[in-house]
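In: Starting from these lines, generate the structure:
(one chain, ligands or ions: 2)
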Amino acid sequence: MLGIETSCDETGVGLVRGNTLLADAVASSVDEHARFGGVVPEVASRAHLEAMVPTVERACVEAGVRLDDVDAVAVTSGPGLVGALLVGVAAAKALALGFGRPLYGVNHLVAHVAVDQLEHGPLPEPCLALLVSGGHSSLLLVDDVTKDVQSLGATIDDAAGEAFDKVARLLGLPFPGGPHIDAAARDGDPASIAFPRGLTSGRDMQQHRFDFSFSGLKTAVARWVDARARSGEPVPLADVAAAFQEAVCDVLTRKAVAACQAHGIEHLLIGGGVAANSRLRTLVVERAAAAGVAVRVPRPSLCTDNGAMVAALGAQLVERGRAPSALDLPADSAMPVTAVVA
Ligand code: KG4
Ligand code: ZN
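Out: Ligands and ions are numbered 1, 2, ... in the order given. As a prediction, this is how the structure comes out:
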């Protein structure tokens with residue numbers, strides 16, 4: 001199974017055989033977005049166009065296979081940036097049509113869940129998935145990764161990774177900010193500043209029990225830093241980073257574990273770029289263990305956007321006999337998680 005991913009700024013091409021990862025080639029345009037402090041859709045689309053053919057070739061070399069050895073093609077159909085998605089969808093259609101192979105247009109979020117089988121073997125179902133990246137923050141209930149996925153909650157404003165990137169920017173750290181905040185926070189005191197925990201108060205918990213909100217937190221950090229700077233005192237970078245990171249990780253882990261308990265789920269899977277965060281990993285393991293929930297986190301290269309995750313979901317679809325997509329499958333920027341295949 002060949003998998004193609006182009007929903008954001010990574011051109012990913014992966015090859016798998018069943019649960020075995022054969023190749024995972026990724027070309028990222030992240031450096032081209034750095035000076036803008038966030039992903040610029042048109043720049044990402046152009047970069048996908050330039051990277052597609054070389055990345056497909058690199059994946060084939062890495063796996064030691066020829067393109068006509070591929071039995072089926074899977075591609076991210078959505079959600080994501082529409083112009084970026086279109087490049088991957090067009091490339092996948094060309095390959096499927098050219099080699100006469102079935103084509104599966106798949107959901108990006110569900111692929112983040114399916115990828116874990118490449119590292120830890122068959123997925124425990126049902127399981128709960130916390131997906132946190134620069135583009136999404138979702139809690140999913142997965143009964144069957146090929147056809148039954150429900151959204152329990154999602155961010156109502158910024159994605160978790162976006163919050164890391166915006167706070168890093170106001171602290172003068174480079175883009176993408178997550179890894180820099182993570183590093184700076186190591187020398188800081190997470191309890192030094194009490195930043196708000198979005199959507200955790202009584203009323204919010206009634207309406208948005210498993211949703212997230214990070215824009216209020218970002219504003220609170222901005223105000224705090226601004227007040228400090230105006231008072232003429234130095235901004236304690238490590239403490240701000242640690243306190244901000246704690247606020248994000250506290251809410252993410254608290255809601256994820258609570259969702260497992262509410263639905264009687266014993267397996268929690270974490271995915272997306274923010275899953276690389278050291279504090280998130282420690283805290284989720286601690287809290288899940290206390291609640292009797294087992295945690296699975298794929299290695300960082302499989303957590304960030306890649307083609308292998310798309311191929312992994314494609315392989316599951318074939319294994320469970322799901323029908324392929326039509327050749328006119330769309331790039332759907334708002335593809336709902338309930339649609340696993342387009
Ligand atoms: O999944 P990903 O590579 O791409 C998408 O956004 O789809 O995730 C990138 C996001 C960025 O916002 C980045 O700042 C964040 O993941 N990130 C982290 C860490 N490493 C990457 N956030 C917090 N801590 C980290 N160690
Ligand atoms: Zn993603």
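In: List the contacts of Pro324.
Out: Under the criterion of C-beta atoms under 8 Å, 6 or more residues apart in numbering, the neighbours of Pro324 are 72, 102-104, 317, 341. For the C-beta atoms, the positions are set from N, CA and C on the backbone; glycine is no exception.
In: Against ligand 2, how distant is it?
Out: Applying C-beta to the ion, to the nearest Å, one obtains 23 Å for the distance of Pro324 from ligand 2.
In: Flag every residue of the chain that's near ligand 1.
Out: Residues of the chain found near ligand 1, taking C-beta under 6 Å from any ligand atom as the criterion, are 8, 133-135, 161, 164-165, 176-179, 182, 272-274, 276-277, 304-305.
In: and ligand 2, which of those reach it?
Out: When contact is defined as C-beta under 5 Å from the ion, those meet ligand 2 at 133, 305.
In: How many residues are close by the residue nearest to Ser137 when sequence neighbours are not counted?
Out: In this structure, Ser137 finds its nearest non-sequential neighbour in Thr155, 4.0 Å apart by C-beta to C-beta, 6 or more residues apart in numbering. Per other C-beta atoms under 10 Å, the neighbour tally for Thr155 reads 20.
In: all helices in the stretch 151-300 of the chain, in order from the N-terminus.
Out: Taking DSSP state H, counting those that start in this stretch, the helices of the stretch 151-300 of the chain run over residues 160-170, 178-185, 202-207, 215-230, 237-263, 278-290, 300-303.
In: Would you mind finding the most buried of those helices?
Out: Across the helices of the stretch 151-300 of the chain, averaging neighbours per residue (mean count of other C-beta atoms under 10 Å) puts helix 160-170 on top, at a mean of 25.
In: what comes into contact with it?
Out: Outside helix 160-170, the residues that touch it by C-beta under 8 Å, 6+ apart are 37-38, 132-135, 137, 158, 174-178, 180-181, 212, 214-215, 217-218, 221-222, 225, 241, 244-245, 248, 252, 272-274, 277.
In: what angle do that helix and helix 178-185 make?
Out: 60 degrees (axes from the mean of the first three to the mean of the last three C-alpha atoms, to 10 degrees).
In: tilt between helix 160-170 and helix 215-230?
Out: Between the axis of helix 160-170 and that of helix 215-230 there is an angle of 10 degrees, by the same axes, to 10 degrees.
In: Can you pull the domain assignment for the protein?
Out: Structural domains of the chain, as assigned by automatic domain parsing, span the residue ranges 2-115+306-319, 123-298.
In: Let's have those in JSON lines, adding mean pLDDT and distance to Ala326.
Out: Formatted as JSON lines, those follow (pLDDT from 0 to 100; distance: least, C-beta to C-beta, whole Å):
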{"stretch": "domain 2-115+306-319", "mean pLDDT": "97", "distance to Ala326": "8"}
{"stretch": "domain 123-298", "mean pLDDT": "97", "distance to Ala326": "17"}
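In: Single out the most deeply packed of those domains.
Out: domain 2-115+306-319 (a mean of 22).
In: Excluding covalently adjacent residues, which one is nearest to the spatially most central residue of the chain?
Out: Centrality entry for the chain: nearest residue to the mean C-alpha point is Gly272, 2.6 Å, by C-alpha atoms, centre = their mean. Excluding the flanking residues, the one nearest Gly272 by C-beta to C-beta, 6+ apart is Ser133, at 3.4 Å.
In: list the contacts for the one you found?
Out: If a contact means C-beta under 8 Å, 6+ apart, then Ser133 has 112, 159-161, 271-274, 304-305 as its contacts.
In: Just send the residues you listed back as a markdown table, with distance to Val56 too.
Out: As requested, the contacts of Ser133 are exported to a markdown table (distance: C-beta to C-beta, whole Å):
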| residue | distance to Val56 |
| --- | --- |
| His112 | 21 |
| Ala159 | 28 |
| Ala160 | 31 |
| Gly161 | 27 |
| Gly271 | 24 |
| Gly272 | 24 |
| Gly273 | 23 |
| Val274 | 28 |
| Thr304 | 19 |
| Asp305 | 16 |
